[in-house]
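Novice: Mind looking at a prediction? Sequence and model below.
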Amino acid sequence: QGGAAGGEEGSGGGQEEAASNSCEAAFRHMQERWAPIVRRDLVMMGRLLAVGAPFLSCLSSLVQPLRPPRRLGLEIDPSARHGWLLPDLCTLPGVSSGVLSVEIKPKSGVLPLPGQVCSEHACKAAHSAFAMMQRMKLSKGSVAAQSGYDPLDLFSGDAGRMEASLRELVRVPQNNLRVFVDGV
């Protein structure tokens with residue numbers, strides 16, 4: 001909510017270069033791919049900051065007691081060298097109650113262009129990466145239920161598909177939908 005620092009151990013962070021590059025790559029992706037095509041007031045870029053181990057250790061100590069039970073085993077990666085500072089959009093300045101905010105992590109709603117996928121991976125041209133990942137997670141037992149949400153539907157421009165996609169997101173939110181009331 002108030003920002004993000006590097007990666008998290010157990011979530012692919014681990015190595016210094018990977019954690020630092022992951023945060024930088026995500027920031028660059030937002031700058032280069034999304035900011036130019038989405039209205040400026042709809043893209044919250046934040047700032048990429050250099051961070052050090054003492055800061056990350058202190059931050060980890062502060063947020064650990066606030067983590068939901070399913071994330072208690074994770075820690076902020078102390079080897080990360082960059083963090084992404086974002087404003088807290090779950091509250092409104094000067095408003096102490098009655099604020100409802102919805103966070104959607106939509107994932108990619110595009111398919112590769114014809115010719116970008118070889119015939120042995122043809123399913124990648126017909127199904128979103130999110131949908132394929134859901135099938136894999138279900139088969140490995142890392143999710144209890146497969147989400148029927150599909151970013152291709154959300155970004156389709158078809159009101160019926162978009163509504164159905166959002167209903168599925170509410171039905172099985174996993175970590176792609178969070179609702180906050182008064183910042184909590």
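Specialist: In hand now; what should we look at?
Novice: what bridges to L177?
Specialist: Judged by DSSP bridges, the bridge partners of L177 are I104.
Novice: Residues contacting stretch 158-167, please?
Specialist: Stretch 158-167 has contacts (C-beta atoms under 8 Å, 6 or more residues apart in numbering) with Y149, D150, P151, D153, L154, S156. Using the backbone N, CA and C atoms, a C-beta is placed for each residue, glycine as well.
Novice: List the buried residues of it.
Specialist: A164, S165, L166 (16 or more other C-beta atoms under 10 Å).
Novice: Give me the residue ranges of this structure where confidence is low.
Specialist: For the chain, the stretches flagged by pLDDT under 70 are 1-21.
Novice: And the helices in this structure?
Specialist: With DSSP state H as the criterion, the chain has helices at 16-29, 53-63, 129-140, 151-154, 159-171.
Novice: Determine which stretch of these is the most buried.
Specialist: Highest mean neighbour count among the helices of the chain (mean count of other C-beta atoms under 10 Å): helix 151-154, with a mean of 20.
Novice: Check the offset of it from the chain's centre.
Specialist: 16 Å (C-alpha atoms, centre = their mean, to the nearest Å).
Novice: residue closest to the middle of the chain?
Specialist: Centre of the chain computed as the mean C-alpha position; nearest residue by C-alpha atoms, centre = their mean is K105, 4.9 Å away.
Novice: The nearest residue to E24 once chain neighbours are set aside - how many residues pack around it?
Specialist: Leaving aside its sequence neighbours, E24 sits nearest to H82 (C-beta to C-beta, 6 or more residues apart in numbering; 5.6 Å). Neighbourhood size, H82 [other C-beta atoms under 10 Å]: 20.
Novice: Kindly report the same for G73.
Specialist: That count, for G73 with other C-beta under 10 Å as the rule, works out to 10.
Novice: now it: how far from R67?
Specialist: As defined by C-beta to C-beta, to the nearest Å, G73 lies at a distance of 9 Å from R67.
Novice: Also E163?
Specialist: According to C-beta to C-beta, E163 stands 33 Å off from R67.
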